[in-house]
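**Q** Using only what follows, build the 3D model:
(one chain, ligands or ions: 1)
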Amino acid sequence: MISFQKASKLGIASEDVNLKENSDKQKKFLIRNDCSQETIDDIRRHYGNVVFSEPLNADEFDRSIQKIYKNKSIIDDEEMISLGDTISLEDATQSLLSKTSIENNSDDAPIIQMLNSIISQSLAKGASDIHFEPNEESFDIKMRLDGNIINVLSLRSEIASRLISRIKILGQINISERRLPQDGRVTFKLGKQIIDVRISTLPTGSGERVVMRILGKQNQLIKLDKLQMPEIIYKNFQSQVRKPHGLILVTGPTGSGKTTTLYSAIDSISNLGLNIMTIEDPIEISFPGISQTQVNVKLGLDFAEGLKAILRQDPDVIMVGEIRDPETASVALRASITGHLVLSTLHTNTTYGAISRLRDLGVDPYMISSSLNSVIAQRLLRKYCLNCRDESINLGGNSSDQLFKLKGCEQCDYSGLQGRIAIFDYLNINSELKNKISDGDLLSKEDNIHEKSNLSTEANSLVKNNVIPKFEAVRMTMNDNE
Ligand SMILES: [Zn+2]
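**A** Residues are numbered from 1 along each chain as shown. Predicted structure coming up:
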C-alpha cells in the first residue's frame with residue numbers, strides 16, 4: 001500500500017489503495033508525467049504484472065489521488081467522512097510523535113487518526129472553528145469556543161505540511177497549490193450527527209494556515225421563544241416577522257449571534273405556507289423546505305446578484321445574509337416595499353446606527369422610512385462557569401475583584417467561563433419614527449422600545465446577578481457610542 005505522502009512525492013498511486021499485496025486482482029497504477037523510470041521498475045519488480053495509466057499532468061494526477069485517498073478512512077456515504085471511533089488526543093499525539101511514525105513519515109494512518117481526534121474533540125466541546133497555524137518553531141492547533149481562542153495543542157513544525165495536506169484532501173482543495181488562498185467543504189458524520197465544515201487556507205511566511213469553520217452544529221437552531229428576549233421585544237419581533245412585507249434588520253459585531261436570531265425568526269414562520277428563500281455566506285444551517293443559496297464570489301454570485309435572482313422566483317420571505325454594499329441595500333429595500341418580507345443583518349453596533357449605515361450605503365431617507373419595520377441590536381456575552389463560579393461575590397457586591405480572578409476548572413478548560421447569553425436592544429419603527437427618518441433625522445438610543453433598558457443596563461444587571469464577569473460588560477459596551 002502506497003501512502004498519500006509517498007504517492008504525491010513519487011508521482012505514482014495504485015487505483016485501489018487497499019488492495020492486498022498478494023491479491024490475484026491485477027493492480028492498476030496512475031502515474032504522473034514526471035514519475036521516474038526507476039520508480040516504475042520498482043513497482044514492476046514488487047507487484048509483477050501490473051497496468052499503468054497514461055502519464056497524467058500534475059493537476060490531473062492530484063485530482064485523481066485526492067479522490068482515491070479522501071475515502072481511505074472508513075466511509076459509509078459517498079460524500080461523507082465518518083469520524084467513527086476516534087482515540088483520545090493524547091493517544092493520537094503519542095502515536096504520531098512516536099519514533100517509528102516520525103521516521104516512517106510515509107504512513108498516513110497516524111495523521112488521519114490525529115486529525116480525526118482533533119475534529120471529534122472540537123465537536124464534542126462545541127467549538128465553532130478549528131485553527132491550524134504553522135509557525136517557525138511549532139505547529140499550533142487552536143479552537144474557538146464561546147467566542148474565545150483556546151490552545152488545543154502544539155506539535156513539531158514538521159508535522160504541519162502532512163496534516164494540512166490531509167485537510168486539503170478532505171476539502172477537495174488543490175494540494176499542490178500553496179501560494180494562493182483556497183476554500184473547500186467537507187461533511188462529517190459523527191454518530192447520527194451530520195456536520196458541515198468549511199475549510200479555508202491562507203499562505204503565510206511559515207506555511208499554509210488553515211481554518212475549519214464548523215457549520216450547523218453549535219449554531220444549531222434555537223426556537224424564537226428560547227432566545228431569552230425581554231418580553232416586550234419578543235412580542236414585537238414576533239409580530240413583525242409575520243408581516244407580509246417590510247425590512248427587519250439585526251445589527252451587532254461579528255460573532256454576536258445575528259444569524260442565529262434570523263434563523264429563529266425564519267423557523268417560526270416556516271410552516272405558514274410561505275415561499276422562503278435565502279442568499280447566505282455561508283449557509284450555517286440547512287432548513288428542510290427552504291431554498292437556500294450560497295454566495296459564490298468566484299462565479300460572480302454575490303449578495304446583490306443572488307437577491308435579484310431570488311426575486312424572479314416568486315418569494316414571500318427573503319433572508320439576505322448581510323447588507324454590505326450599495327447595490328444589495330438598494331435591491332433589498334426595494335423588494336421590501338414591493339410585497340416581500342426581507343430579513344438581513346447590518347454591520348453596525350446599535351439599532352439606531354442602522355439608519356446612518358443605510359444612508360452611508362446611498363439609500364434615500366424616504367426609502368428607509370417606507371421599508372424599515374424594526375431593528376434588533378444584540379451581543380453575546382460569556383458567562384461564568386457554573387461549576388467554579390466564585391459564589392462569595394454576592395449580589396451587588398464590589399465587583400472590581402472579579403476583573404482578573406477567574407478560578408477555572410476542568411469543565412471550563414480552566415478559563416472560568418462557559419456558555420454565552422444574548423442581550424438585545426430593539427427599535428420599533430412606528431409612524432412617529434418613520435416621519436423622523438424621512439425628514440432626514442437620525443435616531444438615538446432614546447428611540448429604542450425599552451427606554452429604561454438598553455444593552456449596557458442589561459449587561460450591568462447580569463454582572464450584578466453574578467452571571468457574567470464585569471470585563472465582559474465593559475468589553476461589550478466599549479464601541480457603543482458610534
Ligand atoms: Zn469552571
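**Q** Got the phi and psi for Asp441?
**A** Here is the backbone geometry of Asp441 (degrees, to the nearest 10): phi -80, psi 150.
**Q** So what's the predicted local confidence for it?
**A** Looking at Asp441, its pLDDT reads 90.
**Q** same deal with Gln378?
**A** Confidence score, pLDDT, at Gln378: 95.
**Q** Give me the buried stretch members for the helix or strand hosting it, please.
**A** Using DSSP states H and E, Gln378 sits within strand 372-384. Neighbour counts over strand 372-384 (16 or more other CB atoms under 10 Å) mark 372-384 as buried. C-beta here means a position set from N, CA and C on the backbone, and glycine is covered the same way.
**Q** Also stretch 445-461?
**A** 445, 447-450, 453-456, 458-460.
**Q** Are we agreed that Arg144 is in a strand?
**A** Yes: assessed by DSSP: H, G, I helix; E, B strand; the rest coil, Arg144 belongs to a strand.
**Q** Just list whatever residues bridge to it.
**A** Beta bridges link Arg144 to Asp129, Ile149 when assigned by DSSP bridges.
**Q** Contacts only, for it.
**A** Taking CB atoms under 8 Å, 6 or more residues apart in numbering as the contact definition, Arg144 lies against 127-131, 150.
**Q** before we move on, the earlier item: just name whatever secondary elements the following helix or strand past the strand holding Gln378 is in contact with.
**A** Heading C-terminal from strand 372-384, the first helix or strand you meet, by DSSP H and E, is strand 417-428. Taking 3 or more CB pairs under 8 Å, 6 or more residues apart in numbering; DSSP states H and E as the contact definition, the neighbouring helices and strands of strand 417-428 are helix 231-240, strand 372-384, helix 455-464.
**Q** Any chance of TSV for these, columns distance to Met143?
**A** Shown next, in TSV, are those (distance: least, CB to CB, whole Å):
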stretch	distance to Met143
helix 231-240	32
strand 372-384	15
helix 455-464	25
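**Q** Among those, which one carries the weakest average confidence?
**A** Among the helices and strands packed on strand 417-428, helix 455-464 carries the lowest mean pLDDT, a mean of 89.
**Q** Return the list of helices and strands in contact with that helix.
**A** Contact here means 3+ CB pairs under 8 Å, 6+ apart; on that basis helix 455-464 packs against strand 372-384, strand 417-428, helix 470-477.
**Q** For the ion, which of those is the nearest?
**A** The ion lies closest, by CB to the ion, to one member of these: strand 417-428, at 6.2 Å.
**Q** now that closest one and helix 231-240, what's the angle there?
**A** Angle, strand 417-428 to helix 231-240, by axes from the mean of the first three to the mean of the last three CA atoms, to 10 degrees: 60 degrees.
**Q** Give the residue spans of the stretch 101-250 of the chain that score low on pLDDT.
**A** Applying pLDDT under 70 to the stretch 101-250 of the chain flags residues 101-106, 216-220.
**Q** and the residue of it nearest the ion?
**A** Asp146 (12.2 Å).
**Q** Tell me the secondary structure at the closest residue to Thr261 other than its chain neighbours.
**A** Once flanking residues are discounted, Thr261 sits nearest to Val250: 5.2 Å by CB to CB, 6 or more residues apart in numbering. What three-state DSSP gives for Val250 is strand.
**Q** For beta bridges, what are the partners of Val250?
**A** Applying DSSP bridges, one finds that Val250 bridges with Thr345, Ile376.
**Q** got it, and Met277?
**A** Residues in beta-bridge contact with Met277 (DSSP bridges): Ser291, Ile318.
**Q** Can I get the lengthiest helix in the chain as CSV, trimmed to CA atoms?
**A** Taking DSSP state H as the criterion, the chain has its longest helix at helix 109-125. Extracted C-alpha coordinates of helix 109-125, given in CSV (Å, rounded to 0.1, in the frame of the first residue of the first chain):
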residue,chain,number,x,y,z
ALA,A,109,-2.6,6.4,9.4
PRO,A,110,-1.3,8.4,12.4
ILE,A,111,-2.0,11.7,10.6
ILE,A,112,-5.6,10.6,9.8
GLN,A,113,-6.1,9.5,13.4
MET,A,114,-4.7,12.8,14.7
LEU,A,115,-6.9,14.9,12.6
ASN,A,116,-10.0,12.8,13.4
SER,A,117,-9.2,13.2,17.1
ILE,A,118,-8.8,16.9,16.8
ILE,A,119,-12.1,17.3,15.0
SER,A,120,-14.0,15.0,17.3
GLN,A,121,-12.8,16.7,20.4
SER,A,122,-13.6,20.2,18.9
LEU,A,123,-17.1,19.0,18.0
ALA,A,124,-17.6,17.5,21.5
LYS,A,125,-16.7,20.7,23.1
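**Q** From the chain's centroid, how far away is that helix?
**A** 18 Å (CA atoms, centre = their mean, to the nearest Å).
**Q** which phi and psi does the residue sitting nearest the centre point of the chain have?
**A** For the chain, the residue nearest the mean C-alpha position is Arg213 (3.8 Å; CA atoms, centre = their mean). The phi/psi pair for Arg213 (degrees, to the nearest 10) reads phi -100, psi 120.
**Q** what about the residue nearest to Asn33 when sequence neighbours are not counted, neighbour count?
**A** Among residues not flanking Asn33 along the chain, Pro55 sits closest, at 3.9 Å (CB to CB, 6+ apart). Counted with other CB atoms under 10 Å, residues neighbouring Pro55 total 14.
**Q** I'd like the distance between Pro55 and Arg32.
**A** Separation of Pro55 from Arg32 (CB to CB, to the nearest Å) stands at 7 Å.
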